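Student: Got a sequence here, can you build the structure:
(chains A and B)
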Amino acid sequence: MSSAALRLKNLTLGYDRHPAVHHLDATIAAGSMTAIVGPNGAGKSTLLKAVAGALAPLAGAVCFDGPRPQLAWLPQAAEVDRSFPLSVGEFAAMGLWSRIGVFGGLRRADRARLAAALDAVGMAGFAHRPIGALSGGQMQRTLFARLLLQDAGLILLDEPFVAIDARTTADLMALVARWRGEGRTVVAVLHDMEMVRAHFPETLLLARELIAHGLTADALSAANLLRARAMVEAPDPFAPVCERGAA
Amino acid sequence: MWELLVAPFADFGFMRRALVGCLAISLGAAPVGVFLMLRRMSLTGDAMAHAILPGAALGYLAAGLSLTAMTLGGLAAGLAVALLSGVASRATALREDATLAAFYLISLALGVLMVSMRGGAVDLMHVLFGTVLALDDAALTLLCAIATVTLLALAAFFRPLVLECVDPGFLRSVGGPSAGVHFLFLALAVLNLVGGFHALGTLMAVGIMILPAVAARFWARSIVGLIAVAAVTAAGSGAAGLLLSFHLGLPSGPSIILVAGGAVVLSLFCGPVGGVLPRLARRTHLEA
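Tutor: Numbers count the residues shown, from 1 in each chain, chains lettered A, B, ... in the order given. Next up, the predicted model:
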């Protein structure tokens, strides 16, 4: 599994001209495992959205060294219509899209992978249940199973363990850790500092502006966390036009 | 029984043709209606029907009661409204329900304007209420062709269509044909409404699309089940409505739609999937 380094070049993202991520320069190495940490409204989800290509930058660019890798994105609020009559197995099988596309059929190997993915997230017995009957945590695990099947080189996780119980979180975290050994690049937005310190070698601390990026122990220093906390969350309606980088 | 159910079709050619027309419409429109309902776009069909009316009227004004002119006019107007509202909602902050409302109202007003400029008093009853009892060979061929195209297109693009309904964000993130599938689906809806108005009129064509789908919701849980129940309900409503209109001397279009409406009301009460009566019944529950 090969993946290209992800370069954020002077990246500014936002809504209605108000920046949510402001002049961010960072390089995320191929095969690395990076946590994105920051207070509410720091631009973490916005950043993932832009990397996934679902949001055009206000300024700057998201670049890859080499071709754009296969990308799997687990958004914080997936816009899934859960009233649609689809089973857990059918829903997770969507992760095979890049292989089967519009017309391809499911081979025996695909079905085996589907079963393995559901098993890995602890949803083995649910394959034929409708997605509308799942609890919040079970739905999140099903989304995770779909992500597993995508077999992507770059994996973007936005608070992936919200609403998931401790035992399953530990299982899923072990899976995520295994991806690193397979050469996949993992970028995850997380709030649980203990988990970040225990499992993620690198951290990008974001509070609209880049606060720190590097080894987790260094990035999450007390001084850096204090600076991140000082971010003013509300947008300023009278803010002047940003001149940085205009020259 | 024979006299009541079979003789009208056996004895009269126009009844047989009407039945074939209804079956063709049922096969094409019912699955489209199921997807409209599942996407919470049940009323979109109604808006589309209004959007089609001016195009059909224009065709009528240009070439009289010509199947080709009215079909092409309706198709052009419907597709233009679908395309414009889709593009506008994707390019701006407006949601698609708002853009669709805007463009179909513009289309409707333009149509009324054009009709009145030609001196009004045009016999538009045909467009409004259809002529299921006077379908000629060309019209029947058109209806069957539309049903065929619809079923083939739905079969070919079933997977992305389902994906676009359940999780459009995912389909876009894996580079799937999100916008393409959406427009293809709207085009199928327009196509079936245009076909439907020849038989049932623009106002009633939506009925054979949406009502069977709504009824099916109370009987089936899977998409395939929904489509099957909806198609059977639509076909049954067509046959029953024709018989009703034959025996009681009622106008056929409304009769067909009223039978389909009756199926909805019946399902509402008796349908095992979330119907009123099964909900009231106290049921045993399982261990786990």
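Student: Any stretches of the stretch 51-200 of chain B with poor pLDDT?
Tutor: For the stretch 51-200 of chain B, the stretches flagged by pLDDT under 70 are B:118-129.
Student: and with 50 instead?
Tutor: Along the stretch 51-200 of chain B, the model assigns pLDDT under 50 to residues B:121.
Student: Kindly report the residues of it close to chain A.
Tutor: Residues of the stretch 51-200 of chain B lying near chain A by Cβ under 8 Å from any Cβ of the partner chain: B:156-157, B:159-160, B:162-163, B:165-174, B:176-177. From N, CA and C alone the C-beta is placed, and that goes for glycine too.
Student: residues making contact with stretch B:29-46?
Tutor: Residues from elsewhere that reach stretch B:29-46, judged by Cβ atoms under 8 Å, 6 or more residues apart in numbering or on different chains: A:81, A:83-85, B:97, B:100, B:150-151, B:154, B:161, B:165, B:185, B:188-189, B:192-193, B:195-196, B:205-206, B:208-214, B:216-217, B:223, B:226-227, B:230-231, B:233-234.
Student: And it, how far out from the chain middle?
Tutor: 8 Å (Cα atoms, centre = their mean, to the nearest Å).
Student: Can you give me the buried ones in that stretch?
Tutor: B:29-39, B:41-42, B:44-46 (16 or more other Cβ atoms under 10 Å in any protein chain shown).
Student: what's the distance between residue A:51 and chain B?
Tutor: The spacing between residue A:51 and chain B, counted by Cβ to the nearest Cβ, to the nearest Å, is 11 Å.
Student: Of the residues of the stretch 51-200 of chain B next to chain A, grab the buried ones for ChimeraX.
Tutor: Command for ChimeraX, covering only those of those found buried under the criterion 16+ other Cβ under 10 Å:
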select /B:157,159,160,162,163,165,166,167,168,169,170,171,172,173,174,176,177
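Student: Filter the residues of the stretch 51-200 of chain B next to chain A down to the ones in helices?
Tutor: B:156, B:159-160, B:162-163, B:165-166, B:168-173 (DSSP state H).
Student: out of the residues you listed, which one sits closest to residue A:63?
Tutor: residue B:173 (18.4 Å; Cβ to Cβ).
Student: what's that closest one in contact with, if anything?
Tutor: For residue B:173, the contact set (Cβ under 8 Å, 6+ apart) comprises A:52, A:53, A:54, A:71, A:72, A:73.
Student: do that again at 10 Å, thanks
Tutor: Contacts for residue B:173 were tallied using Cβ atoms under 10 Å, 6 or more residues apart in numbering or on different chains; they are A:49, A:52-54, A:71-75, A:78, A:97, A:150, A:156, B:167.
Student: Give me the buried positions along stretch B:217-225.
Tutor: Using 16+ other Cβ under 10 Å as the burial criterion, the residues of stretch B:217-225 that qualify are B:217, B:218, B:219, B:220, B:223.
Student: Pull the number of nearby residues for the closest residue to the second one other than its chain neighbours.
Tutor: I take that to be residue B:218. Nearest residue to residue B:218, sequence neighbours excluded (Cβ to Cβ, 6 or more residues apart in numbering or on different chains): residue B:271, at 2.3 Å. The criterion is other Cβ atoms under 10 Å in any protein chain shown. On that basis, residue B:271 has 21 neighbouring residues.
Student: ok but residue A:25 is inside a strand, no?
Tutor: Yes. Applying DSSP: H, G, I helix; E, B strand; the rest coil, one finds residue A:25 inside a strand.
Student: still on that earlier bit, which among the contacts of residue B:173 end up buried?
Tutor: A:49, A:52, A:71, A:72, A:73, A:74, A:75, A:78, A:97, A:150, A:156, B:167.
Student: Please identify the buried residues of stretch B:244-255?
Tutor: Neighbour count says stretch B:244-255 has B:244, B:245, B:246, B:252, B:253, B:254, B:255 buried, by 16+ other Cβ under 10 Å.
Student: Distance of the first one relative to chain A?
Tutor: Spelled out, that is residue B:244. The value you get for residue B:244 to chain A, if Cβ to the nearest Cβ is used, is 32 Å.
Student: counting contacts, what elements does the helix or strand encompassing that residue pack onto?
Tutor: Element membership for residue B:244 (DSSP states H and E) is helix B:223-248. Other elements packing on helix B:223-248 under the criterion 3 or more Cβ pairs under 10 Å, 6 or more residues apart in numbering or on different chains; DSSP states H and E are helix B:2-5, helix B:7-11, helix B:13-38, helix B:137-156, helix B:158-166, helix B:178-200, helix B:202-216, helix B:252-270.
Student: any idea where the helices of chain A begin and end?
Tutor: Counting by DSSP H, chain A has helices at residues A:44-51, A:88-93, A:97-100, A:108-120, A:136-150, A:166-181, A:193-199, A:216-219, A:222-229.
Student: Centroid-nearest residue for chain B?
Tutor: Compute the mean C-alpha point of chain B, and by Cα atoms, centre = their mean the closest residue is residue B:209, 3.1 Å away.
Student: What residues does that residue make contact with?
Tutor: Counting by Cβ under 10 Å, 6+ apart, the residues that residue B:209 touches are B:25-26, B:28-34, B:36-37, B:42, B:45-46, B:48-49, B:189, B:192-193, B:196, B:200, B:230, B:234, B:260.
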